[in-house]
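Trainee: kindly generate the corresponding structure for this input.
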Amino acid sequence: MENIACPLDCISGIHNEDNEDNGNNIITPSCGLCPPPPPCPQPGPDCNYIPPMVDRCGCTYDCGMVTCGEDIFDPTEDCPIDQIDCMNEFVCPKVTEITHCNEGGIRGYTTYQLSLIIQPNKQIKNIYALFGEGDNHLMYFPPANQIDGPFNSNLGGISQDIINLDRDLIYDSWITIGITNGDKNNELSTIGIDFNQWSNTQGISTTNGAVFSMDPENILSKNEYTIAQLTVPNNRISTFSANVQGRKIDGGSWKEYNINFVLDPSKLSKNIIPSHCLIWYDGCNLCNVNNGEIILCTENMCLLDGNPECRVYDDQTPGH
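Mentor: Okay, the predicted model is just below:
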């Protein structure tokens, strides 16, 4: 492997006791060639190298520290969501995953944001209410994870300042109309919805309730309105249902009924782990699993990734 030319002009005034001549003048060694970069093995699943420090000549001598965590992902891996076919007159549902292919959030859950795309050329000014209206047009929020603590929110999302205090709040579940960074000005309100009953095991519905903007003339977004964030279990298909109302540019109102968001985390999984698998091989490490969820993995540094597979099933039979 060829040496790499030092990229910096290394004439500097760094004091070094060992490099002084007899006249007390500082002699700075000139930079030549950097040594060849070391071979760096794969850092492991969900891990990256932190770039190492360079010396005054711009050279590095190691691979850097390895950091592993929930928020580190390979951007080349993608799990696109199939959007719902829409023939609605005024708005269409859109689903965006906040986690990454089921990973990076609360273990065993996937976090989505739900939004409404305003149809073009309908003279729509805003959306100001989500509502339930009778048995045929109820509003339903499925079971979703609620972060415990004083900073969790049911309306309007959570401000970044609060998230900085507790990173898990990124994955809290809440309802909104266009506001996602915390309803600091109390622009949203509700009626007829018992949020105290909403949990990761219990959904809530209303046939006579609403989430609404305090000012129906307020324009809280443009062509896309976020209306909810939901962190739902990976082993369950969840459906969010709502009806929406807004203002037209000419001052009249419009409504769209029975808008459904179907959330199926199983379609996002990069590796589907069988529910009866006990030992899962993720391509590098062996992992203990329970009901399809990874509990604990070895921490080997692998030069090559293999094909993920279940190595031991609950009937004690290796492989398949």
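Trainee: how about residue 202, nearest residue that isn't a chain neighbour?
Mentor: Nearest residue to residue 202, sequence neighbours excluded (Cβ to Cβ, 6 or more residues apart in numbering): residue 143, at 5.7 Å. Every residue, glycine included, has its C-beta placed from N, CA and C.
Trainee: swap that for residue 314, sorry
Mentor: residue 276 (4.6 Å).
Trainee: I'd guessed the one you found sits against residue 290; true?
Mentor: No - taking Cβ atoms under 8 Å as the definition, residue 276 is not a contact partner of residue 290, at 10.5 Å.
Trainee: what's the weakest-modelled helix or strand in this protein?
Mentor: strand 4-5 (a mean of 39; mean pLDDT, DSSP states H and E).
Trainee: got the domain boundaries for the protein?
Mentor: As given by automatic domain parsing, the domain ranges for the chain are 91-267, 277-313.
Trainee: return the most buried member of those domains.
Mentor: Comparing the domains of the chain by mean neighbour count (mean count of other Cβ atoms under 10 Å), domain 91-267 comes out on top with a mean of 17.
Trainee: what's the mean pLDDT across it?
Mentor: Domain 91-267 comes out with an average pLDDT of 92.
Trainee: with distance to residue 81 added, can I get the domains of the chain in JSON lines?
Mentor: Below are those laid out as JSON lines (distance: least, Cβ to Cβ, whole Å):
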{"stretch": "domain 91-267", "distance to residue 81": "5"}
{"stretch": "domain 277-313", "distance to residue 81": "20"}
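Trainee: which one of those domains lies closest to residue 34?
Mentor: Each of those has some distance to residue 34 by Cβ to Cβ; the shortest is domain 277-313, at 23.9 Å.
Trainee: hey, where'd the strands end up in the stretch 101-250 of the chain?
Mentor: Using DSSP state E, counting those that start in this stretch, the strands of the stretch 101-250 of the chain run over residues 109-118, 129-133, 139-141, 174-175, 188-191, 204-206, 208-213, 224-233, 238-247.
Trainee: picking up where we left off before, among the domains of the chain, which comes closest to residue 80?
Mentor: Using Cβ to Cβ, the domains of the chain put domain 91-267 closest to residue 80, at 9.2 Å.
Trainee: re the thing from before, check contacts around the residue nearest to residue 314.
Mentor: By Cβ atoms under 8 Å, 6 or more residues apart in numbering, the residues touching residue 276 are 313, 314, 315.
Trainee: how about those in CSV, adding distance to residue 205, secondary structure and pLDDT?
Mentor: Output for those, formatted as CSV (distance: Cβ to Cβ, whole Å; DSSP: H, G, I helix; E, B strand; the rest coil; pLDDT from 0 to 100):
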residue, distance to residue 205, secondary structure, pLDDT
313, 39, strand, 90
314, 37, coil, 85
315, 41, coil, 72
